[in-house]
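Visitor: sequence plus the predicted model coming up.
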Amino acid sequence: MQRIEDYALIGNTRTAALVGRDGSIDWLPLPRFDSGACFAALLGDTENGRWLIAPVGDVKAVERHYRGDTLILETRFVTATGAVVVTDFMPMRDGVEPLLPTELVRIVRGERGVVPMRLEIVLRFDYGSIMPWVRRRPDGISAIAGPDAVLLRTSLSLEGVDSRTVADFEVREGDTVSCTLVHYSSFDAEPTPTDPARDLSQTERYWQSWSAQYHEHGEWREPVMRSLITLKALTYGPTGGIVAAPTTSLPEFIGGPRNWDYRYCWLRDATFTLYALLISGFREEAKAWREWLLKTVAGAPSTLQILYGVAGERRIPEYEIPWLAGFAGSRPVRIGNLAHTQQQWDVYGEIMDAMHCAREHGLERDDNTWRVQRVLLDFLEGHWQQPDAGIWEMRGPPRRFTHSAVMAWVAIDRAIKSVEAGGLEGPVERWRSLAQRIHEEVCSKGYNAERGAFVQYYNSRELDASLLLMPLVGFLPIDDNRVAGTVRAIERELMVDALVLRYRNREHVEALPPGEGAFLACSFWLVDVLAMSDRWQEARALFERLLELRNDVGLLPEEFDPVSRRALGNFPQAYSHVGLINSAHNITLARGPAKRRANAAS
């Protein structure tokens, strides 16, 4: 079975697929828009769907890379008899964001010698539960079940074997074999065939043109550029929403139950994402993300959620699908995310900071934005003292989490700043009094004098990596003794093999068994704090350590297990790549996103 880090990403800002080092593809489309799954719901679940194109027999070497600054993947297989290159991509035509149908193209090119190859495809819909009606065609096969239809177009001779479709063929030096998979609604007209070679050329032009907007040529251009491309791939083009990851139920601990569906958009990602896009020159994506955020949170403030669907959908019921074994036996497999029902006060701070960030970077002003913010602020003012589930979406009893209160302060602080610097209207003196009240409460109840550190929730002793954000959002200066004590405590107690854990799993805190890897975003936060503290050498060392955790094509997971040295969690993770982009700028720029965000505080 392949590891999580053995996969690469391809996509078209509509959907995405993961390509394994063994030549297999798992395709798990976004909920609602693509009606479940065309391939496996989980990596490596070959009985519930997979598309394999790979050499037959012993493979001596596998080398792969993205073609320049694009999302076109090239995998080179070396065998005893020769070498072939398999090029995988989802077409992007003439700069137009694609709608349905969705296409996935695979081109096999003979590089040297003669290589026996095998194509094997297992098509399943509805997360592997439905076997479609497969029919042979002159140009390949078709598969239909309910609303879903798939065409596999190829010149290869295909045959059905044991509920799967296979083709054995040879590729000689200079030969090219193309396969195009098209997913569309069974009630629509059959899509017109396209030219794979022309699709490849147009897709390369699209990505090269998009990537050219990034003009930095510094020390870490390559990892930053790859992270930006990954964020673009995780963007739902029609709305600008950015999913946390394109997968569901990849475990935070192998064999454990911490398996969540991340194919949704989290509000708390807003500020970090906006900073990452804006400082990198991608204003259109930042504007689209802001507009998605504004439209999504519109409505009664009491109904604000922490996460939404890519078009702003609010109903995201969570359920389990027992017919899937889970990645490496990690169960349950979950579809949907119950966290959308949780109350988390920190998202109000993230929204306000995101909007302030947008204004600070010169995105055109929108009066409706401030109206929505005022409504949210009024609601927060009357409810911020209630317990919540916290940044980590604890599935235990609600508590007064310190980070939540800090971000409530950020919400009020940025409102004050917006009025004072942005020419907007609001009750500044009332807000200033409220901000002071929240600040005093956090410093009194969220700080443990005996430990010399801020703690996870009021009057506790538990540490939490989210407390690293306190100086980054400007709640306290980086040289405050309480901040320094908190940083030292986190370095002492939450670091394993130079990586930062979110917190120590305690059964009295959370209704799930302990066990998970190091959450990579937390380690990037520590990089930012070290840079703000002028601990440049340590910041660089930790950043370079994190770069080493990227896989061979530059992708980062949600978590990393320093013991087994394996990637964990959903993959690739937008939050990890946002952290990489921002930390790179924090180390190299005197006015990086951390200092800009901290200095935004009034």
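Guide: Received, thanks.
Visitor: gap between the lengthiest strand in the chain and the chain center?
Guide: When the chain is parsed with DSSP state E, its longest strand is strand 102-122. Centre-to-centre, strand 102-122 and its host chain are 29 Å apart (CA atoms, centre = their mean, to the nearest Å).
Visitor: sheet-wise, list the partners of the helix or strand that it is followed by with their directions.
Guide: Beyond strand 102-122 on the C-terminal side, the first helix or strand identified by DSSP states H and E is strand 133-137. With DSSP bridges as the test, strand 133-137 is paired with strand 140-145 (antiparallel).
Visitor: relative to strand 102-122, how tilted is the next helix or strand after the strand it pairs with?
Guide: Downstream of strand 140-145, the first helix or strand assigned by DSSP H and E is strand 148-154. Calculated by axes from the mean of the first three to the mean of the last three CA atoms, to 10 degrees, strand 148-154 forms an angle of 80 degrees with strand 102-122.
Visitor: once you drop chain neighbours, what's closest to Gln213?
Guide: Gly281 (5.0 Å; CB to CB, 6 or more residues apart in numbering). Where C-beta positions appear, they are placed from N, C-alpha and C, glycine not excepted.
Visitor: now name the helix or strand holding that neighbour.
Guide: With DSSP H and E as criterion, Gly281 is part of no helix or strand.
Visitor: same question for Arg482.
Guide: Applying DSSP H and E, one finds Arg482 within helix 481-493.
Visitor: quick revisit: what's near enough to touch the residue nearest to Gln213?
Guide: Gln213, Tyr214, His215 (CB atoms under 8 Å, 6 or more residues apart in numbering).
Visitor: ok, the last one - contacts?
Guide: To tie it back to what came earlier, the one meant is His215. Per CB under 8 Å, 6+ apart, neighbours of His215: Gly281.
Visitor: try it again at 10 Å.
Guide: Contacts for His215 were tallied using CB atoms under 10 Å, 6 or more residues apart in numbering; they are Arg221, Ser280, Gly281.
Visitor: all strands of the stretch 351-500 of the chain, in order?
Guide: For the stretch 351-500 of the chain, the strands defined by DSSP state E, counting those that start in this stretch cover 447-448, 453-454, 495-496, 499-500.
Visitor: the first one packs against which elements?
Guide: Yep, that's strand 447-448 we're talking about. Contacting strand 447-448 under the criterion 3 or more CB pairs under 10 Å, 6 or more residues apart in numbering; DSSP states H and E are the following elements: strand 453-454, helix 481-493.
Visitor: may I see the contacts of Gly281 arranged in TSV, with distance to Leu119, pLDDT and secondary structure as well?
Guide: Converted to TSV, the contacts of Gly281 look like this (distance: CB to CB, whole Å; pLDDT from 0 to 100; DSSP: H, G, I helix; E, B strand; the rest coil):
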residue	distance to Leu119	pLDDT	secondary structure
Gln213	37	95	coil
Tyr214	37	95	coil
His215	42	92	coil
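Visitor: looking at those, which is nearest Gly390?
Guide: Nearest to Gly390 among the contacts of Gly281 is Tyr214, at 34.5 Å by CB to CB.
Visitor: what number of residues lie near the closest one?
Guide: The number of residues packed near Tyr214 is 16, by other CB atoms under 10 Å.
Visitor: element containing the residue lying closest to Val553 once chain neighbours are set aside, please.
Guide: Spatial nearest neighbour of Val553, chain neighbours left out: Ala8 (4.7 Å); criterion: CB to CB, 6+ apart. According to DSSP H and E, Ala8 maps onto strand 7-11.
Visitor: quick one: distance of the helix or strand just after that strand to the chain centre.
Guide: Beyond strand 7-11 on the C-terminal side, the first helix or strand identified by DSSP H and E is strand 16-20. Chain-centre distance of strand 16-20: 14 Å, with CA atoms, centre = their mean.
Visitor: with only the CA atoms kept, save strand 16-20 in CSV.
Guide: Extracted in CSV, the C-alpha atoms of strand 16-20 (Å, rounded to 0.1, in the frame of the first residue of the first chain):
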residue,chain,number,x,y,z
ALA,A,16,-8.9,17.4,-8.2
ALA,A,17,-7.3,13.9,-8.3
LEU,A,18,-4.3,12.3,-6.6
VAL,A,19,-1.7,10.4,-8.7
GLY,A,20,0.3,7.7,-6.9
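Visitor: strand partners of that strand, parallel vs antiparallel please.
Guide: Short version: by DSSP bridges, strand 16-20 pairs with strand 7-11 (antiparallel), strand 24-27 (antiparallel).
Visitor: columns distance to Arg374 and mean neighbour count on top of these, output as CSV?
Guide: Output for the strands paired with strand 16-20, formatted as CSV (distance: least, CB to CB, whole Å; neighbours: other CB atoms under 10 Å):
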stretch, distance to Arg374, mean neighbour count
strand 7-11, 37, 24
strand 24-27, 43, 24
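Visitor: which one of those strands has the lowest average pLDDT?
Guide: The minimum mean pLDDT among the strands paired with strand 16-20 belongs to strand 24-27 (a mean of 88).
Visitor: give the rounded mean pLDDT of the very next helix or strand once past that strand.
Guide: Using DSSP H and E, the next helix or strand after strand 24-27 towards the C-terminus is strand 50-55. Computed over strand 50-55, the mean pLDDT rounds to 94.
Visitor: what is strand 50-55 packed up against?
Guide: So strand 50-55, by 3+ CB pairs under 10 Å, 6+ apart, packs with strand 16-20, strand 24-27, strand 73-79, strand 82-89, strand 102-122, strand 164-172, strand 176-185.
Visitor: which parts of the longest helix along the chain are buried?
Guide: Assignment by DSSP state H gives helix 402-422 as the longest helix of the chain. Neighbour counts over helix 402-422 (16 or more other CB atoms under 10 Å) mark 402-419 as buried.
Visitor: so what's the gap between it and the chain middle?
Guide: Using CA atoms, centre = their mean, the offset of helix 402-422 from its chain centre is 26 Å.
Visitor: now do that helix against helix 481-493, angle only.
Guide: 140 degrees.
Visitor: only C-alpha atoms, please: export helix 402-422 in CSV.
Guide: C-alpha atoms of helix 402-422 as CSV (Å, rounded to 0.1, in the frame of the first residue of the first chain):
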residue,chain,number,x,y,z
THR,A,402,-8.0,31.4,25.5
HIS,A,403,-7.4,31.6,21.7
SER,A,404,-11.1,32.2,21.1
ALA,A,405,-11.1,35.1,23.5
VAL,A,406,-7.9,36.5,21.9
MET,A,407,-9.5,36.4,18.5
ALA,A,408,-12.7,38.1,19.9
TRP,A,409,-10.4,40.9,20.9
VAL,A,410,-8.9,40.9,17.4
ALA,A,411,-12.4,41.3,15.9
ILE,A,412,-13.0,44.4,18.1
ASP,A,413,-9.5,45.8,17.6
ARG,A,414,-9.7,45.6,13.8
ALA,A,415,-13.1,47.3,13.9
ILE,A,416,-11.6,50.2,15.8
LYS,A,417,-8.7,50.3,13.3
SER,A,418,-11.0,50.2,10.3
VAL,A,419,-12.9,53.3,11.7
GLU,A,420,-9.8,55.2,12.6
ALA,A,421,-7.8,54.5,9.5
GLY,A,422,-10.4,53.6,6.9
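Visitor: helices or strands next to that helix in the packing?
Guide: helix 269-279, helix 346-360, helix 367-383, helix 428-445, strand 453-454, helix 469-472.
Visitor: who wins for proximity to Arg164 among those?
Guide: Closest among the helices and strands packed on helix 402-422, using CB to CB: helix 269-279, at 38.6 Å.
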